[in-house]
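In: Give me a 3D structure for the following:
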Amino acid sequence: MNDCKNKIPKLKIALLVVGTRGDVQPFLALALRLQEYGHYVRLATHSQFHGFVKSVGVDFYPLGGDPRIMAECFVRARSILLPRPGDMALQRKQLKAIIESLLPACTQPDPVSGEPFTAQAIIANPPAFGSKDIAEALDVPLHIMFTVPWTPTRAFPHPFTQRAGRLSYALADLMIWLGIRGFINEVRTNKLNLGPIGYFNSGHVSISQLPTSYMWSSHVLPKPNDWGPLVDVVGYCFLNLGTKYEPSQDFVDWIQKGSKPIYIGFGSVPLKKSEKLTAMILEALKKTGQRGIIDPGWGDLGTNVDISDDVFVLSDCPHDWLFPQCYAVVHHGGPGTAAAGVKAGCPTMVVPFCGDQFLWGEIMHHKGVGPAPIPIPHLTVESLSKAITFMLQPQVKSRAMELAESINAEDGVGAAVGAFHRHLPTPFSDQDPSANLLHY
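Out: Predicted structure coming up:
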């Protein structure tokens with residue numbers, strides 16, 4: 001491995017990540033591994049995650065946009081492609097701020113140390129709209145990485161359209177392009193010295209011709225047959241924060257008092273009626289005779305409500321530490337939470353709110369490790385109780401443990417780094433030492 005590392009040119013790499021904490025976390029795992037190869041890595045994401053990024057030893061640069069606002073608009077409309085009329089101006093303001101912040105993230109000095117930085121390669125997730133234009137202007141390679149399928153396929157529709165067929169991806173590109181074209185062309189002409197893109201050229205936002213690595217296990221969702229050699233399914237990219245986590249004594253005492261609990265949490269999803277949803281959860285746990293852990297998340301679940309001794313409200317606990325303490329998990333279907341659940345061998349029930357959450361819920365059910373997903377408008381005490389009872393079946397737990405064994409045998413982060421290196425345009429062996437690369 002050391003010989004391989006010595007042959008790899010050392011690059012200044014900008015990671016451009018738009019989204020919630022679940023989107024940021026796998027890129028932190030990637031950043032740490034890239035640093036092991038001697039690359040200088042800057043992770044650019046929303047200012048809310050400054051402390052999180054710096055805490056694991058990765059340089060941070062702020063991107064525009066507020067993930068809470070974007071998540072609220074997303075959930076209200078159940079789509080990022082068609083925001084509600086009242087949210088249209090708000091969402092466009094967020095997109096404009098993101099697009100305008102990408103160039104500084106790739107070219108400006110470190111905001112604290114003043115150390116110069118110009119990206120020699122870019123890794124971005126698809127919602128970092130405009131990353132293709134920045135890479136074009138800087139003439140550097142761009143590699144797409146994401147936890148959600150974005151490459152056209154006949155195997156399943158685009159997760160954010162919920163429409164059948166490969167054309168759903170072209171539809172998604174068109175809707176995105178109509179929303180951001182003005183912002184993209186403004187940056188291209190005023191900041192990048194590039195020509196504008198035509199009104200109907202929605203293919204400009206397509207990632208089909210870019211090297212792309214998907215951060216999920218092929219044991220969960222195999223690579224479709226119509227994805228070519230530019231696309232890799234590398235495996236889950238776990239950050240493994242649990243090794244440094246120290247639980248409170250109250251929680252240690254509680255977890256040791258009885259059977260393994262059911263985890264229930266909806267992560268970064270904002271909730272309108274958290275008290276009503278909490279009451280529903282408490283009643284379902286009581287009806288099924290189960291202990292439970294409630295994670296408040298961004299929706300304040302489990303707060304301002306009387307909680308019985310059989311339920312523990314726990315915030316900010318790494319899933320890779322917490323989920324092995326649980327028998328099963330109930331969550332919104334975010335890809336990061338879903339990954340942590342299957343890694344821990346937990347039967348999984350998904351309560352999707354929007355977007356790709358429906359896809360992961362259907363996959364968990366298809367794999368036999370959880371009940372059919374129940375969209376949040378259809379969640380009741382009765383349906384949640386039946387779902388919990390389904391997950392308590394020994395055969396469901398057995399299938400979940402088998403899937404966990406396969407996932408734990410993978411090194412998704414290593415495969416993602418390998419894919420990035422493999423798709424660099426110049427072979428390592430032919431790299432000119434005088435090229436504009438860092439060699440340590």
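In: ranges for the strands of the stretch 51-200 of the chain?
Out: Ranges of strands in the stretch 51-200 of the chain, per DSSP state E, counting those that start in this stretch, are 59-63, 121-124, 142-146.
In: and the spatially closest residue to T20 that is not a sequence neighbour, helix, strand or coil?
Out: If the residues on either side of it in the chain are set aside, T20 comes closest to S268, at 3.8 Å by Cβ to Cβ, 6 or more residues apart in numbering. In short, each C-beta sits where N, CA and C put it, glycine included. Three-state call for S268 (DSSP: H, G, I helix; E, B strand; the rest coil): coil.
In: Distance to F420 and mean pLDDT for the strands of the stretch 51-200 of the chain - can I get that in CSV?
Out: What follows is the strands of the stretch 51-200 of the chain, written out as CSV (distance: least, Cβ to Cβ, whole Å; pLDDT from 0 to 100):
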stretch, distance to F420, mean pLDDT
strand 59-63, 18, 98
strand 121-124, 7, 98
strand 142-146, 5, 98
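In: Turn the ones you listed into a markdown table, including mean neighbour count.
Out: Below are the strands of the stretch 51-200 of the chain laid out as a markdown table (neighbours: other Cβ atoms under 10 Å):
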| stretch | mean neighbour count |
| --- | --- |
| strand 59-63 | 21 |
| strand 121-124 | 26 |
| strand 142-146 | 23 |
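In: Can I get those in CSV including distance to V233?
Out: Converted to CSV, the strands of the stretch 51-200 of the chain look like this (distance: least, Cβ to Cβ, whole Å):
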stretch, distance to V233
strand 59-63, 26
strand 121-124, 16
strand 142-146, 11
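In: for the residue nearest to T20, phi and psi?
Out: Main-chain torsions, S268, degrees, to the nearest 10: phi -90, psi 10.
In: who touches it in this structure?
Out: S268 sits next to 20-22, 67-68, 71, 297-298, 334 when contact means Cβ atoms under 8 Å, 6 or more residues apart in numbering.
In: what's the answer for G418, then?
Out: Contacts of G418 by Cβ under 8 Å, 6+ apart are V234.
In: element containing it?
Out: Assigned by DSSP states H and E, G418 belongs to helix 412-423.
In: quick one: the longest helix belonging to the chain to chain centroid distance?
Out: Looking across the chain with DSSP state H, the single longest helix is helix 167-190. From the chain centre to the centre of helix 167-190 is a distance of 22 Å (Cα atoms, centre = their mean, to the nearest Å).
In: Out of the strands of the stretch 51-200 of the chain, the one nearest A416 is which?
Out: strand 142-146 (6.4 Å; Cβ to Cβ).
In: just checking, what packs against the closest one?
Out: Applying 3 or more Cβ pairs under 8 Å, 6 or more residues apart in numbering; DSSP states H and E, one finds that strand 142-146 makes contact with strand 121-124, helix 131-138, strand 212-214, helix 412-423.
In: of those, which approaches G198 most closely?
Out: Closest among the helices and strands packed on strand 142-146, using Cβ to Cβ: helix 131-138, at 14.1 Å.
In: Go through that closest one and flag the buried ones.
Out: Using 16 or more other Cβ atoms under 10 Å as the test for burial, helix 131-138 gives 131-135, 137-138.
In: Report the angle between it and helix 167-190.
Out: Angle, helix 131-138 to helix 167-190, by axes from the mean of the first three to the mean of the last three Cα atoms, to 10 degrees: 40 degrees.
In: which helices and strands does helix 131-138 pack with?
Out: helix 88-107, strand 121-124, strand 142-146, helix 167-190.
In: mind listing what the nearest residue to L142 once chain neighbours are set aside touches?
Out: Leaving aside its sequence neighbours, L142 sits nearest to A135 (Cβ to Cβ, 6+ apart; 3.8 Å). A135 makes contacts with 122, 141-142, as judged by Cβ under 8 Å, 6+ apart.
In: What residues are bridge-paired with D295?
Out: Beta-bridge partners for D295, by DSSP bridges, are G265.
In: Contacts only, for it.
Out: Applying Cβ under 8 Å, 6+ apart, the residues near D295 are 263-267, 301-302, 313-315, 317.
In: what separates it from H319, distance-wise?
Out: Noted for D295: a distance of 9 Å to H319, by Cβ to Cβ, to the nearest Å.
In: Repeat that for L167.
Out: L167 is 36 Å from H319, where distance means Cβ to Cβ.
In: Likewise for H366?
Out: 22 Å.
In: In terms of packing, which of these two has more residues around it?
Out: For H366 versus H319, neighbours defined as other Cβ atoms under 10 Å are more numerous around H319 (28 against 12).
In: just checking, that one touches T337?
Out: Yes: H319 is in contact with T337 according to Cβ atoms under 8 Å; the separation is 6.4 Å.
In: Now do the helices in the stretch 301-440 of the chain.
Out: In the stretch 301-440 of the chain, the helices defined using DSSP state H, counting those that start in this stretch lie at 319-322, 335-343, 357-366, 381-391, 394-408, 412-423.
In: still on that earlier bit, how far does the helix holding G418 sit from its chain's centre?
Out: 17 Å.
In: Kindly calculate the angle that that helix makes with strand 142-146.
Out: Using the same axes, to 10 degrees: helix 412-423 against strand 142-146 is 160 degrees.
In: Report the buried residues of helix 412-423.
Out: Across helix 412-423, burial judged by 16+ other Cβ under 10 Å covers 412-421, 423.
In: CA atoms of that helix as CSV?
Out: Listed next in CSV are the C-alpha coordinates belonging to helix 412-423 (Å, rounded to 0.1, in the frame of the first residue of the first chain):
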residue,chain,number,x,y,z
GLY,A,412,-16.3,1.8,1.1
VAL,A,413,-13.9,4.7,1.9
GLY,A,414,-11.0,2.8,0.4
ALA,A,415,-12.9,2.0,-2.7
ALA,A,416,-14.1,5.6,-3.1
VAL,A,417,-10.5,6.8,-2.8
GLY,A,418,-9.4,4.1,-5.3
ALA,A,419,-12.1,5.2,-7.8
PHE,A,420,-11.0,8.8,-7.5
HIS,A,421,-7.4,8.0,-8.2
ARG,A,422,-8.4,5.6,-11.0
HIS,A,423,-10.4,8.2,-12.8
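In: what is the orientation angle of that helix with helix 335-343?
Out: Computed by the same axes, to 10 degrees, the angle between helix 412-423 and helix 335-343 is 120 degrees.
In: about what we covered before: which of the contacts of S268 are buried?
Out: Neighbour-count burial (16+ other Cβ under 10 Å) is assigned, among those, to 20-22, 67, 71, 297-298, 334.
In: What's the local residue count around the nearest residue to G414 once chain neighbours are set aside?
Out: Spatial nearest neighbour of G414, chain neighbours left out: R33 (6.7 Å); criterion: Cβ to Cβ, 6+ apart. If you count neighbours by other Cβ under 10 Å, R33 ends up with 19.
In: Show me the one of the helices and strands packed on strand 142-146 that comes nearest G114.
Out: helix 131-138 (20.5 Å).
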